[in-house]
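Chemist: here is my input, please return the structure:
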Amino acid sequence: MNIMTLVNALPGACAQGLIWGVMAIGLYITYKILRLSDLTVDGTMCTGGAVCVMMMIRGHSVWTAMLCAFIAGLLAGMVTGILHTAFGIPAILAGILTQQGLYSINLAVMEDKANQAIAVDKYDLLVSLRYIKGVPFYQNPIFITIIFIIVIIAVMYWFFGTELGSSIRATGTNENMARAQGINTNANKIIGLMISNGIIALASALYAQYQGFADVNAGRGAIVTGLASIIIGQVVFGKIRGNFAFKMLSAALGSIVYYIVIQVVLWLGMPSNYLKLLSSIVVALFLAIPYLQSKYFAKPVKKGGAQNA
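Modeler: Numbers count the residues shown, from 1 in each chain. Below is the predicted model of the structure:
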């Protein structure tokens, strides 16, 4: 095996990991803050890219296209939130319903085509696979995506420190107690789902530009990748006593670790057809690690320890 092949592939893996790290930050809001299992992500991860690509093809700037992609994600999250809060549908089922509906909407956005290409030669893309090497550092997708992650984390850190953001965190921590304090928990769930899916759609817009096309199946299995990133970040960086901002950053870092592991496994000769199986195994392992550590590797409590404390 040629080690240089792996070395040359690592920048691309890091760039892809960073883009999915943006998505992981969005998923972190529902999975860790709101404590909701939202499967809308598999649809939103295509919607953002579809809207972004089609807007640029129609002559709009990349920033306008990405803003529209973000708004489309907000609307998707709002639909899931309304189905869950106003109609009493469990969050996981509400997400599935929205995801299913988005498949048809995504096809309509892409003019009933399974994919739409967008070439870096014809459009001013913000990120592209072709910008990995041979360009100034400020055009490199790794640098640009790092800036995106820093800005998103900074904005989310500020927002969740406000009164509204704190009430959303309280809703996820203890919904009954939050409601007893006069907090509108249903409204907070809708807002949280909107913000989450807006960020995920933004990641989708970046990903579509990076790979050069929007695909109707781009979001298939995205929930697994997002959860893998969050869990890996929690396991690898969890011992660092960071604040809320660092916890969001750890989700993005977990995504980079995930894609580097995938790249290494492919370099070792694993067929790409088994990537979904590998993803499931990676998620299962990292989910099991905290439980196995607490059950088999935790230090036993000494007898009479409570009295001596």
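
Chemist: can you show me the strands along the stretch 201-309 of the chain?
Modeler: 213-215 (DSSP state E, counting those that start in this stretch).

Chemist: low-confidence ranges in it?
Modeler: The stretch 201-309 of the chain contains residues with pLDDT under 70 at 298-309.

Chemist: what's the closest non-adjacent residue to residue 129?
Modeler: If the residues on either side of it in the chain are set aside, residue 129 comes closest to residue 210, at 5.8 Å by C-beta to C-beta, 6 or more residues apart in numbering. The C-beta positions use only the backbone N, C-alpha and C, and glycine is treated the same way.

Chemist: so how far is residue 116 from that neighbour?
Modeler: 15 Å (C-beta to C-beta, to the nearest Å).

Chemist: out of those two, which sits in the busier spot?
Modeler: Using other C-beta atoms under 10 Å as the criterion, residue 210 and residue 116 rank with residue 210 on top: 25 against 19.

Chemist: can you pull the contacts of that one?
Modeler: Contact partners of residue 210, counting by C-beta atoms under 8 Å, 6 or more residues apart in numbering, are 15-16, 19, 127-129, 141.

Chemist: which one of those residues has the most neighbours?
Modeler: Neighbour count (other C-beta under 10 Å) singles out residue 19 as the most crowded of the contacts of residue 210, with 30 neighbours.

Chemist: I figured it hits residue 126, correct?
Modeler: No. Applying C-beta atoms under 8 Å as the test, residue 19 and residue 126 come out as separate, 10.9 Å apart.

Chemist: overlap of the contact sets of these two?
Modeler: In contact with both residue 19 and residue 126: residue 206, using C-beta under 8 Å, 6+ apart.

Chemist: what average pLDDT does stretch 40-48 get?
Modeler: Mean pLDDT, stretch 40-48: 95.

Chemist: C-alpha coordinates for that stretch, CSV please?
Modeler: Extracted in CSV, the C-alpha atoms of stretch 40-48 (Å, rounded to 0.1, in the frame of the first residue of the first chain):
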residue,chain,number,x,y,z
THR,A,40,-35.8,15.5,9.0
VAL,A,41,-32.1,15.8,8.5
ASP,A,42,-32.1,13.1,5.8
GLY,A,43,-34.4,15.3,3.7
THR,A,44,-32.9,18.7,4.7
MET,A,45,-29.4,17.5,3.8
CYS,A,46,-30.6,17.4,0.2
THR,A,47,-32.9,20.4,0.3
GLY,A,48,-30.2,23.0,1.1
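
Chemist: gap between it and the chain center?
Modeler: 10 Å (C-alpha atoms, centre = their mean, to the nearest Å).

Chemist: make residue 1 into 113 and carry on from there
Modeler: With the count now opening at 113, the last piece we talked about shows up as stretch 152-160.

Chemist: list the buried residues of it.
Modeler: Of the residues in stretch 152-160, those buried by neighbour count under the rule 16 or more other C-beta atoms under 10 Å are 152-160.

Chemist: could I get the residues you listed as CSV with secondary structure?
Modeler: Output for the buried residues of stretch 152-160, formatted as CSV (DSSP: H, G, I helix; E, B strand; the rest coil):
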residue, secondary structure
152, coil
153, helix
154, helix
155, helix
156, helix
157, helix
158, helix
159, helix
160, helix
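
Chemist: ok, of the residues you listed, which one's closest to residue 399?
Modeler: Of all these, residue 153 has the smallest distance to residue 399: 17.5 Å, by C-beta to C-beta.

Chemist: need the contact list for the closest one.
Modeler: 135, 138-139, 207, 211, 309, 312, 331, 334-335, 338.

Chemist: and if you look at residue 161?
Modeler: Per C-beta under 8 Å, 6+ apart, neighbours of residue 161: 181, 316-317, 319-320, 326-327, 330.

Chemist: and residue 228, by the same measure?
Modeler: Residue 228 touches 162, 165-166, 169, 222, 325-326, counting by C-beta under 8 Å, 6+ apart.
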